[in-house]
Structure formats: structure tokens, C-alpha cells
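Engineer: Let me see the structure of the following:
(chains A and B, ligands or ions: 2)
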Amino acid sequence: MIEVNNVDKSFGGNQVLFDVSAKFETGKVNMIIGQSGQGKSVLAKCIVGLHEVDNGSILYDGRNFSELEGFARRDIRKEIGMLFQGSALFDSMSVEDNVMFPLSMLTNMTKKEMQDRADFCLDRVNLLGKNKLFPAECSGGMQKRIAIARAIAMKPKYLFCDEPNSGLDPKTSIVIDNLIREITYEFNITTVVITHDMNSVIEIGDNIVFIHEGRNWWSGDSNSIITTENPEINGFVYASEFMKDIKALMQKKIQ
Amino acid sequence: MRRLNNIGKYFLMVRIIFSRPEKWKIFYVRIMNEIDIIGIKSLPIVALLSVFMGGVIALQTAANMTSPLLPEYTIGYITRSSTILEFSPTILSLILAGKIGSNIASEIGTMRVTEQIDALETMGINSLTYLVLPKIVGAVFFFPIMIIFSIGLSLIGGWLAVISSGLSNTETYIFGLRSFFLMSDIWYALIKAIVFAFVIVTLSSFYGYYTKGGALDVGRSSTQAVVISSVVILICNFFLTQMILL
Ligand SMILES: Nc1ncnc2c1ncn2[C@@H]1O[C@H](COP(=O)(O)OP(=O)(O)OP(=O)(O)O)[C@@H](O)[C@H]1O
Ligand SMILES: [Mg+2]
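Structural biologist: Ligands and ions are numbered 1, 2, ... in the order given. As a prediction, this is how the structure comes out:
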């Protein structure tokens, strides 16, 4: 379980996060949703320590990450897999080298074992056979999937995905969603997914945190997001007429 | 104030760079790679520059020897001393600051703005050690070799210029090269090469690593890296000369 306690974060004079607290449970897909520019990515980067928090603390299964330094912090990070919003693939390395990179740096696996693991991960994201391409030769959606393969290569205990299916077609999107859900349950991972995609939220979200104006505005599960009367969340999730209709249908289904 | 802050940040960065590499085998491969990029790929420009530099020094010296009291071997003597003391280590490092410095700053800067450095860090890898230490080792190892190479070619350039213009002959030129030779001059040149290599790599990495923003800022960082490395090379050159030669 990852606990976020009363986190504040500002850049210069611009405060982005205000007293954010949240709990992300183990073996569950935890969603962070919210409008663009409300601080979702900043929150994720604070949790993995790429930004230092101004106030508050982050606990990984009771280990106070914010108080740790250098090596101790790196040990926790070795248990983290992260998918960045912009994929962040190493563009000097081929697809399979990207996936094998954390293995070669951090484990004592043999070449063969690494190759097998890379093939396995690439297979999970439907990219087997593209091993030798370079990131620049791949489409945006492929880059996303390679990044997911890299994030799961180390069998992480904590998995962060910043918009895993933005830029993907609906079908691939579902494949990725299912993959995230499967590995979460299979390996009992604490998964945190940042998304705009309401389809994923309803499909795979176990717990949902709605970030609005830098605050944890609302949290609940995927049923309560359908029944909630919170005006901001309704304004966000059910912004279009189409979604409003869906909400009505869903509410009927739940009753 | 910001400048002072940067100096502190720079020394902090250098301290973090010198941590134990994650895997020695990968570290070794990365060093070889950097020697290729920083060193081997710079050899053509170094060669070209050195030959012409030596030629011009020899010609200038010959042209300015108006006094009949100056022996002809002065040409060789002056070409050798200026090449070893200043031209090869300093001028070459300034040129390489432009080539290597901008290359390093833009490579690391691009990795910063595309979150590749963040990706390294979240994996639990010390990104500074992984990225910069092989460059430092590669450059510090290869710069002295490059400087010796350059000194040799520069002296050959001087010889070619002298012979082809008929200003002197081979024996006199070589006699000049060998007169009043001090081994310590070579050591001095090598020390300068090592210091300048360190300056170029660490400063360029610094400006690349702390790039903020996007592609435009990467360009700005790489310009800054070249300008600041050059200035620092000149300042170090002054103090090294004072410390070692006096
Ligand atoms: N490194 C930074 N320095 C300064 N300000 C930043 C930095 N990163 C983010 N911000 C600011 O923090 C705010 C929140 O940004 P963030 O990237 O978290 O948004 P987001 O919720 O992830 O949006 P999106 O859905 O578009 O990705 C923005 O106003 C942004 O300008
Ligand atoms: Mg974001």
C-alpha cells in the first residue's frame, strides 16, 4: 500500500498540490483522474520522488520514502515500474534493449534470461517481432506499449502509469487496460493509473481519486463514481451528452 | 547570487557523479563507447587543425626573424615550444569544447526534457554516474593521447611549411626542435589536457543535466555549455601556467 499524507507542492510561487492525502491499495488498480493541468502528473512524480514534496510524507508499505536518502531511496525505486506520459524511451537503444535495460543494470540475469523476459514482456503488449526497431521508428502508440513492457520488465511491486492509453485506438486501449488489470491481480501489484479515459476508469478502476485544483476533491470506487452527486466530478466525467446518457443507463443497471 | 548557487550545484553534482557504478561491465562498455564518440571521432578535425597550426607557427616565426643574429634553428625551436606549451593543449581544447561540449550538453539535455533521466532515476539508477562518469573517464584518458597526436602532427606541419617554402632545411629544423628540450613541458601539456577534459565534460554535462523546458532550452544549454567551458578553460590555463611554469 502506498500512503500519501498531506502533501503540498509548489514550483516557485505557483502552488500545484494542496494538502493531498490518498491511499493506494495493494493488488488493486488505483486511478487518479482529473482535468488537464490539475496536478496529476506532479502528484505521481512526488510519489516516486522525482519532485521533493514541500510538506507531507509518502509511505511505501510503511517505509517513509520522503525521509530516505540516496541508496535507501534507490532500493525502493528498484521496486517501482513507471510509465511516463511521454513514454521516455531511451532513443539510443533498440526496442528490446530498452526493455532489457533495467534487467541488465539491476539484476544478475544471463543474456538468455534477459532476452526471454524481454520477449515475454513485448509479447504481452503485442510487440513481439519489433525487437530490433528503434523508438524513433515506432508510432506513438507503439512507444507507449514499449514503455509499458519496460515498466513491467522488473516485475515491480508498484506500478505507475501516466496516461497509458492516451493516443491509442479504443481496441489497443482495452488491450492495455486488461494487461494492467491482469498483472495487477496476478502479481499483487500496487498499481496507480493516471487517466482521462472514462472507459478505463469504469472498466478497471478499483479505487478512484479525483484531483481538482490541486486537491483530492473526491475519492471512491467505480460504482460510487456513477452514483455520486458531486458537481465537479459530474462536470468532469459526464461532460458530454453521450456520457450523461451513459450515466443514466449505468445508474439503472446498478439499481 | 544565482551564479554562486550554480557553482554550489556544480560541485554537488560532481560529488554525486563519483559514486560506484551500478555494473562494472556496462560501465566499461560505456567508457569504450565514449572514447569512440569523444576521442576517435574527433581525430580528423584534430589532425587537420594541428597540421595547419604547426605550419602557420613555423611560417610566422620565419617571417618575423629579421635580425641576422637569430640562428635559423629558431624556427624549429619556437614551433616546438609554442605547440607544446599552448597551441596543442589550449587551442585544441577550446575547439573541442565547441565540438564535444555542445554534443554532450544536447545529448543529456534532450534526455532531461524527454524524461529519460527521470526514467533512469525511477528505475533506481544513479543517472549522473551512469551518464557522466564514463564520459569523464573516456575524455580524461583520451585527451592526453589526442594532445600528443596533435603535437606530433603540428611539428610535421611546421616542417612541411618550412621545406615547401624553402625557408630552411630539414636538418636545421630538426636541430631546432631538439634544442633546449625539457621533458617537463610535455608533462605540463598533459596536465593541462587532463584538466581541460574534465572541465569540458563536467560543465557541459551540468548544463545539459539541469536543462528545464523543451527543445529550445536544449539549444540554449548547449550554447551555454560551450561558452562557459571555454571561459573556464582560459581561466584554468592562466592559473596552471602560473603554478607549473613559474
Ligand atoms: N517542473 C515543473 N515546474 C513548474 N511547474 C510545473 C512543473 N510541472 C508541472 N508544473 C505545473 O503544475 C501544474 C500541473 O501539471 P501536471 O503536469 O501535473 O498536470 P496534469 O494534471 O498531469 O495534466 P495533463 O492531464 O494535461 O497531463 C501545471 O500548471 C504545470 O504548469
Ligand atoms: Mg499529466
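Engineer: so how many other residues sit close to residue A:175?
Structural biologist: Neighbours of residue A:175 under the rule other CB atoms under 10 Å in any protein chain shown: 17. No exception for glycine: its C-beta is placed from N, CA and C like everyone else's.
Engineer: Quick one: name the residues of the stretch 151-255 of chain A near chain B.
Structural biologist: A:154, A:160 (CB under 8 Å from any CB of the partner chain).
Engineer: quick one: residue A:88 from residue B:203, how far?
Structural biologist: Distance, residue A:88 to residue B:203, using CB to CB, to the nearest Å: 25 Å.
Engineer: which of the residues in the helix ranked longest in chain B are buried?
Structural biologist: In chain B, ranked by residue count with DSSP state H as the criterion, the top helix is helix B:127-165. For helix B:127-165, burial by neighbour count (16 or more other CB atoms under 10 Å in any protein chain shown) applies to B:127-144, B:146-151, B:153-155, B:157-159, B:161-162.
Engineer: measure the spatially most central residue of chain A to residue B:116 for me?
Structural biologist: By CA atoms, centre = their mean, chain A has its centre lying nearest to residue A:161, at 2.0 Å. According to CB to CB, residue A:161 and residue B:116 sit 17 Å apart.
Engineer: and what of residue A:190?
Structural biologist: 25 Å.
Engineer: With residue A:17 instead?
Structural biologist: For residue A:17, the distance to residue B:116 - CB to CB - is 25 Å.
Engineer: which of the two has more neighbours?
Structural biologist: residue A:17 (26 against 22).
Engineer: which SS class is that one?
Structural biologist: Three-state call for residue A:17 (DSSP: H, G, I helix; E, B strand; the rest coil): strand.
Engineer: Let me see the ranges of the helices in chain B.
Structural biologist: Remark: helices assigned in chain B by DSSP H are B:2-17, B:24-34, B:43-64, B:74-82, B:92-96, B:102-113, B:116-122, B:127-165, B:170-178, B:183-209, B:215-245.
Engineer: I misspoke; the intended subject was chain A.
Structural biologist: So, for chain A - with DSSP H - the helices run A:40-47, A:70-77, A:95-106, A:111-124, A:140-153, A:170-187, A:198-204, A:224-227, A:231-237, A:241-254.
Engineer: got CSV for these, with mean pLDDT too?
Structural biologist: Output for those, formatted as CSV (pLDDT from 0 to 100):
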stretch, mean pLDDT
helix A:40-47, 94
helix A:70-77, 86
helix A:95-106, 95
helix A:111-124, 94
helix A:140-153, 91
helix A:170-187, 89
helix A:198-204, 86
helix A:224-227, 82
helix A:231-237, 83
helix A:241-254, 80
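Engineer: Now those in JSON lines, please, with extra columns for distance to ligand 1.
Structural biologist: Listed next are the helices of chain A as JSON lines, based on distance: least, CB to the nearest ligand atom, whole Å:
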{"stretch": "helix A:40-47", "distance to ligand 1": "3"}
{"stretch": "helix A:70-77", "distance to ligand 1": "19"}
{"stretch": "helix A:95-106", "distance to ligand 1": "23"}
{"stretch": "helix A:111-124", "distance to ligand 1": "25"}
{"stretch": "helix A:140-153", "distance to ligand 1": "14"}
{"stretch": "helix A:170-187", "distance to ligand 1": "16"}
{"stretch": "helix A:198-204", "distance to ligand 1": "14"}
{"stretch": "helix A:224-227", "distance to ligand 1": "18"}
{"stretch": "helix A:231-237", "distance to ligand 1": "11"}
{"stretch": "helix A:241-254", "distance to ligand 1": "18"}
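Engineer: Just put those helices in JSON lines and tack on distance to residue A:21.
Structural biologist: Below are the helices of chain A laid out as JSON lines (distance: least, CB to CB, whole Å):
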{"stretch": "helix A:40-47", "distance to residue A:21": "11"}
{"stretch": "helix A:70-77", "distance to residue A:21": "20"}
{"stretch": "helix A:95-106", "distance to residue A:21": "31"}
{"stretch": "helix A:111-124", "distance to residue A:21": "33"}
{"stretch": "helix A:140-153", "distance to residue A:21": "26"}
{"stretch": "helix A:170-187", "distance to residue A:21": "22"}
{"stretch": "helix A:198-204", "distance to residue A:21": "20"}
{"stretch": "helix A:224-227", "distance to residue A:21": "18"}
{"stretch": "helix A:231-237", "distance to residue A:21": "18"}
{"stretch": "helix A:241-254", "distance to residue A:21": "28"}
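Engineer: what's the closest of the ones you listed to residue B:52?
Structural biologist: Among the helices of chain A, helix A:95-106 comes nearest to residue B:52, with 41.2 Å by CB to CB.
Engineer: CA-only coordinates of the closest one in PDB, if you can.
Structural biologist: Provided in PDB are the C-alpha atoms of helix A:95-106 (Å, rounded to 0.1, in the frame of the first residue of the first chain):
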ATOM      1  CA  VAL A  95      13.200  -1.700 -28.500                       C
ATOM      2  CA  GLU A  96      14.400  -4.900 -26.800                       C
ATOM      3  CA  ASP A  97      17.400  -3.100 -25.300                       C
ATOM      4  CA  ASN A  98      15.000  -0.600 -23.800                       C
ATOM      5  CA  VAL A  99      13.100  -3.400 -22.200                       C
ATOM      6  CA  MET A 100      16.300  -5.300 -21.100                       C
ATOM      7  CA  PHE A 101      18.000  -2.100 -19.800                       C
ATOM      8  CA  PRO A 102      16.700  -2.300 -16.200                       C
ATOM      9  CA  LEU A 103      17.400  -6.000 -16.100                       C
ATOM     10  CA  SER A 104      21.000  -5.600 -17.300                       C
ATOM     11  CA  MET A 105      21.600  -2.700 -14.900                       C
ATOM     12  CA  LEU A 106      20.000  -4.000 -11.800                       C
END
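Engineer: Tell me if it is near chain B.
Structural biologist: Yes: residues of helix A:95-106 are located near chain B by CB under 8 Å from any CB, namely A:101-102, A:104-106.
Engineer: between these, which is closest to ligand 2?
Structural biologist: Nearest to ligand 2, judged by CB to the ion, of those is residue A:102 at 22.8 Å.
Engineer: and residue 244, what does it touch?
Structural biologist: Here I'm looking at chain A. Residues near residue A:244 by CB atoms under 8 Å, 6 or more residues apart in numbering or on different chains: residue A:238.
Engineer: think we crossed wires, I meant chain B
Structural biologist: So residue B:244 contacts B:188, B:191 (CB under 8 Å, 6+ apart).
Engineer: Name the nearest residue to the residue positioned nearest the centre of chain B, sequence neighbours excluded.
Structural biologist: Closest to where the C-alpha atoms of chain B average out (CA atoms, centre = their mean) is residue B:93, at 2.9 Å. In space, and not counting its chain neighbours, residue B:93 is closest to residue B:196: 3.8 Å by CB to CB, 6 or more residues apart in numbering or on different chains.
Engineer: and stretch A:205-215, which residues are buried?
Structural biologist: Buried residues in stretch A:205-215 (16+ other CB under 10 Å): A:205-212, A:214-215.
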